[in-house]
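A.B. asks: Coordinates for the following, if possible.
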Amino acid sequence: MRNKYLSLSLFLFFCLTSFSWAHHYKGLPHNDYFENYPQVPILEFLHEDDKWEIFLTVYNFQGINLENVADSDMVRLYIFLYDVRANKVYGKAVKLEIFSRGEVVYSQDGHLPEEESIYSVHKKLVHQDDLELHVHFKTEDGKLDIVKLPFNVTKPFIEKYGLAIAIVLFFVFVGILKKFYIKDQEDTRGKNA
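C.D. replies: Model (predicted):
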């Protein structure tokens with residue numbers, strides 16, 4: 001009887017705890033990183049094609065009162081590169097460029113990954129709404145393969161304020177129509193009198 005309870009206890013232990021153990025995603029250990037990661041809110045961007053996968057994670061203190069942050073324009077980018085054809089993490093030197101509104105604001109050749117094959121960039125970005133990351137891979141035959149990943153840290157002006165502007169314009173339009181309608185009604189009453 002004792003063996004039966006011991007077997008049942010071990011079975012339940014392994015079944016119920018298996019969900020809490022860390023596992024690997026493309027060579028990186030994580031616990032449901034993309035869906036449920038207890039960190040400062042972040043932005044994630046992904047590029048996938050038949051040769052490369054790029055995972056870009058942006059930390060810029062979202063959810064924190066930026067008035068209390070020493071430098072609110074400082075952005076941290078963490079880049080994970082994956083070689084689809086070789087089916088392994090890419091860990092060689094790359095050239096990284098960041099474009100802001102079409103102009104290069106960051107460029108570093110020979111950029112190597114840091115911990116756990118993650119490339120990191122800490123950069124002050126004044127304009128954070130129209131950005132593009134360029135990764136220059138060196139292929140096996142020595143050629144360069146450039147992959148572009150558009151991203152943004154903050155929303156563009158129209159996305160931030162578009163709804164509020166549309167509401168204000170709607171009420172201005174209604175006010176103008178109402179003014180002309182009332183004036184037209186007064187003119188009609190004046191002619192009828």
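
A.B. asks: Would you mind listing the buried residues in the one helix or strand residue 147 maps to?
C.D. replies: Element membership for residue 147 (DSSP states H and E) is strand 144-151. Judged by neighbour count using 16 or more other Cβ atoms under 10 Å, the buried positions of strand 144-151 are 147, 149, 151. Any C-beta I mention is one placed from the backbone N, CA and C, and that applies to glycine too.

A.B. asks: Take it, keep the C-alpha atoms, and write them as PDB.
C.D. replies: Coordinates of each C-alpha in strand 144-151 appear next as PDB, following Å, rounded to 0.1, in the frame of the first residue of the first chain:
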ATOM      1  CA  LEU A 144      27.300  40.500 -46.600                       C
ATOM      2  CA  ASP A 145      23.600  39.900 -46.100                       C
ATOM      3  CA  ILE A 146      21.700  42.900 -44.800                       C
ATOM      4  CA  VAL A 147      18.400  42.400 -42.900                       C
ATOM      5  CA  LYS A 148      16.200  45.400 -42.100                       C
ATOM      6  CA  LEU A 149      13.700  45.400 -39.100                       C
ATOM      7  CA  PRO A 150      11.500  48.400 -38.700                       C
ATOM      8  CA  PHE A 151      10.500  49.200 -35.100                       C
END
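
A.B. asks: quick one: average confidence on it?
C.D. replies: Average pLDDT, strand 144-151: 89.

A.B. asks: looking at the chain, which helix or strand is least sure?
C.D. replies: The least trusted helix or strand in the chain, going by mean pLDDT, DSSP states H and E, turns out to be strand 23-25, with a mean of 50.

A.B. asks: Report the contact partners of residue 164.
C.D. replies: If a contact means Cβ atoms under 8 Å, 6 or more residues apart in numbering, then residue 164 has no contacts.

A.B. asks: What values do phi and psi take at it?
C.D. replies: phi -60, psi -40 (degrees, to the nearest 10).

A.B. asks: Same question for the one 3 residues further on.
C.D. replies: Listed backbone geometry of residue 167 is phi -70, psi -40, with angles given as degrees, to the nearest 10.

A.B. asks: List just the nearest of the buried residues of strand 144-151 to residue 131.
C.D. replies: Nearest to residue 131 among the buried residues of strand 144-151 is residue 151, at 5.3 Å by Cβ to Cβ.
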